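Colleague: Sequence first, then the predicted structure:
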Amino acid sequence: MNKKSILLTILSCNLLFSFFTASHGAKFHAQFKKMKKKPFRSYHSFVTKPECFLVAIQSALDYMKEYTYKGRPKRSRRKILHGGKVFDKRDNVSLKRVRDTLKFLKATIEKDRMQIRKGLRTGYRINDQKFLHKHFDIIDWQSSSKDAKKYKDKVEDGAERLTKYLVYELPGKYRKKGKYKYPLYAMPEDEEGMSEKEVNKNKHKLIRFKYSKQEIINEGALENNPLVEPLVWLTKEGVRQASIQGSIIAIMPDGKRRAFNIIRSNEMVYDRSFKNEKKQRQYWFFKEIKNGIRDGRCKGKTCAVCSHMQVPHKVAYVPEVTVAGDLKNLGLGKIVALRYKNKRSKKDEVRLCMLSDTGGAFKNNLYQLDLFSGFFNKSRTFWNYVHKYPEQVDAYFLLKK
């Protein structure tokens with residue numbers, strides 16, 4: 001083969017590689033390696049609340065049952081119900097294995113709970129480092145600063161950025177009144193009864209796709225539109241927080257707590273390069289969640305800490321268990337162990353979480369997780385609570401051997 005032929009071959013390979021990268025998603029520098037060494041030590045404090053963890057596990061199993069058929073994900077959930085697109089094939093990270101891991105953990109917690117009640121055991125095995133090392137393959141998530149740098153974020157190589165989110169409990173009104181003049185809107189009625197295919201074909205005619213967030217909130221583009229129902233009236237800051245966090249609990253004048261969750265957006269692109277959230281043009285429509293707030297139970301008693309939000313057709317939001325991330329590349333339902341130093345107690349802690357939520361900020365984002373921290377009525381209370389968490393953690397995926 002002459003030099004010209006070699007050069008053409010190299011160029012063809014480069015073009016093929018470029019096509020593959022463009023066709024199959026972004027190129028990442030993050031690595032996922034099955035560990036030979038044991039990452040957890042006897043001096044680590046294991047802080048997972050088993051009963052809260054069990055709520056998330058059961059909800060995830062119910063979700064998988066609803067959206068799989070004969071072990072395979074239904075078409076509407078194929079983008080998030082899978083073993084993961086970034087793991088080494090030799091590590092066998094499949095959807096079946098993820099589900100088997102959840103079933104094993106559920107059985108373990110339920111058995112330990114029964115033995116504890118009978119006085120046969122003093123603690124839960126999920127908080128025992130020897131048990132975790134014995135029964136689970138552990139995959140080390142090694143993020144790359146190069147991936148974060150693309151979006152002007154900072155993370156150390158090998159560590160993961162940890163952000164925190166919440167559901168605000170804020171006053172709401174049944175009618176427009178005073179500073180409560182900004183509504184959460186339901187889905188426009190002009191889409192009622194339309195299939196996804198029909199919606200995509202008629203986007204140029206539909207209300208949902210016509211206006212930006214600024215036009216709707218600042219200019220009142222949807223006010224007095226008979227096809228768009230205001231669900232609840234909030235302050236401007238209340239609407240902003242509901243959109244950022246994805247959910248909100250409105251405390252009404254009669255004391256009723258009403259839960260709302262995002263359902264569809266105007267599909268204007270979320271631009272991660274904008275550090276000022278107010279510049280984003282994406283707007284979310286909401287749906288009221290009947291009986292959305294559920295009390296958790298610890299030691300057989302109602303537990304405010306374990307109270308959670310159950311949204312239909314989603315995995316429950318459980319405080320300090322649910323984490324949001326890149327579900328498209330990592331897959332839903334995976335158990336993630338976070339290892340970090342508590343900024344308050346100065347102790348080295350390990351917390352088991354579940355990857356079951358996502359958002360626009362996680363598109364092609366393999367360096368960050370967002371921890372659901374609970375329900376708060378003031379930002380100061382929230383920030384005081386999450387101060388114990390560092391900005392970066394070491395994250396590990398756990399899969400039943």
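Modeller: All right, it came through fine.

Colleague: contacts, neighbours, all on C-alpha from now
Modeller: Will do.

Colleague: so what secondary structure elements neighbour the longest strand belonging to the chain?
Modeller: Longest strand in the chain, counting residues (DSSP state E): strand 160-171. Packing contacts for strand 160-171, counted by 3 or more CA pairs under 8 Å, 6 or more residues apart in numbering; DSSP states H and E, involve helix 236-245, strand 247-251, strand 368-376, strand 392-400.

Colleague: Of the ones you listed, which is nearest residue 343?
Modeller: strand 392-400 (11.5 Å; CA to CA).

Colleague: what's in contact with that closest one?
Modeller: For strand 392-400, the external contacting residues (CA atoms under 8 Å, 6 or more residues apart in numbering) are 93, 97-98, 100-101, 104, 135-141, 155, 158-162, 334-340.

Colleague: what's the answer for stretch 247-267, then?
Modeller: 167-174, 187, 208-212, 232, 241-243, 246, 282-293, 311.

Colleague: Buried only: go through those for me.
Modeller: Buried subset of the contacts of stretch 247-267 (neighbour count, 16 or more other CA atoms under 10 Å): 167-173, 187, 208-209, 211-212, 232, 241-243, 246, 282-289, 292-293, 311.

Colleague: any idea how far residue 108 lies from residue 39?
Modeller: Distance, residue 108 to residue 39, by CA to CA, to the nearest Å: 21 Å.

Colleague: of the two, who's got more company?
Modeller: Under the criterion of other CA atoms under 10 Å, the comparison of residue 108 against residue 39 puts residue 108 first, with 16 against 13.

Colleague: Can you identify the element that follows whichever strand or helix holds the more buried one toward the C-terminus?
Modeller: Assigned by DSSP states H and E, residue 108 belongs to helix 95-117. Per DSSP H and E, the first helix or strand lying C-terminal to helix 95-117 is helix 129-135.

Colleague: Now find how far off-centre that next one is within its chain.
Modeller: Put simply, helix 129-135 sits 26 Å off its chain's centre (CA atoms, centre = their mean, to the nearest Å).

Colleague: quick one: contacts of it?
Modeller: By CA under 8 Å, 6+ apart, helix 129-135 touches 38, 40-42, 125-126, 400-401.

Colleague: any chance of these in TSV, plus distance to residue 76?
Modeller: Formatted as TSV, those follow (distance: CA to CA, whole Å):
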residue	distance to residue 76
38	38
40	38
41	41
42	43
125	36
126	33
400	27
401	30
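
Colleague: Now rank the residues you listed by neighbours and give me the top one.
Modeller: Neighbour max across those (other CA under 10 Å) = residue 126, 21 neighbours.

Colleague: Report the contact partners of that residue.
Modeller: Counting by CA under 8 Å, 6+ apart, residue 126 has contacts 48, 50, 105, 108-109, 132.

Colleague: wait, which of the residues you listed is closest to residue 119?
Modeller: Nearest member of the contacts of residue 126 to residue 119, counting by CA to CA, is residue 109, at 15.1 Å.

Colleague: residues near the closest one, how many?
Modeller: Counted by other CA under 10 Å, the residues lying close to residue 109 total 18.

Colleague: and what of residue 365?
Modeller: 22.

Colleague: which SS class is it?
Modeller: coil (DSSP: H, G, I helix; E, B strand; the rest coil).

Colleague: Surely it is in contact with residue 326?
Modeller: Yes - contact criterion CA atoms under 8 Å: residue 365 and residue 326 qualify, at 5.9 Å.

Colleague: picking that back up, show the average pLDDT along the longest strand of the chain.
Modeller: What strand 160-171 shows for mean pLDDT is 95.

Colleague: low-confidence ranges in this protein?
Modeller: Scanning the chain for pLDDT under 70 picks out the ranges 1-26, 272-276, 291-292, 294-307.

Colleague: what's the distance between residue 287 and residue 84?
Modeller: Residue 287 is 30 Å from residue 84, by CA to CA.

Colleague: which of the residues in stretch 190-207 are buried?
Modeller: Quick answer for stretch 190-207 (16+ other CA under 10 Å): 191, 199, 206-207.

Colleague: Mind putting these into a markdown table with secondary structure and distance to residue 393?
Modeller: Output for those, formatted as a markdown table (DSSP: H, G, I helix; E, B strand; the rest coil; distance: CA to CA, whole Å):
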| residue | secondary structure | distance to residue 393 |
| --- | --- | --- |
| 191 | helix | 43 |
| 199 | helix | 41 |
| 206 | coil | 44 |
| 207 | helix | 43 |
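
Colleague: Report the two of those separated the most.
Modeller: 199 and 207 (11.0 Å).

Colleague: just to revisit the earlier point, export the helices and strands packed on strand 160-171 to JSON lines and append columns for distance to residue 60.
Modeller: As requested, the helices and strands packed on strand 160-171 are arranged in JSON lines below (distance: least, CA to CA, whole Å):
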{"stretch": "helix 236-245", "distance to residue 60": "20"}
{"stretch": "strand 247-251", "distance to residue 60": "19"}
{"stretch": "strand 368-376", "distance to residue 60": "16"}
{"stretch": "strand 392-400", "distance to residue 60": "15"}
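
Colleague: Minimum distance to residue 67: which of the ones you listed has it?
Modeller: Here strand 392-400 is closest among the helices and strands packed on strand 160-171 (CA to CA), at 21.1 Å.

Colleague: Put the alpha carbons of that closest one into CSV.
Modeller: Extracted C-alpha coordinates of strand 392-400, given in CSV (Å, rounded to 0.1, in the frame of the first residue of the first chain):
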residue,chain,number,x,y,z
GLN,A,392,-17.6,16.9,45.6
VAL,A,393,-17.9,13.3,46.5
ASP,A,394,-16.6,9.9,45.4
ALA,A,395,-19.4,7.9,43.8
TYR,A,396,-19.6,4.1,43.3
PHE,A,397,-22.3,1.9,41.5
LEU,A,398,-23.3,-1.2,43.4
LEU,A,399,-24.5,-4.3,41.6
LYS,A,400,-25.5,-7.6,43.1
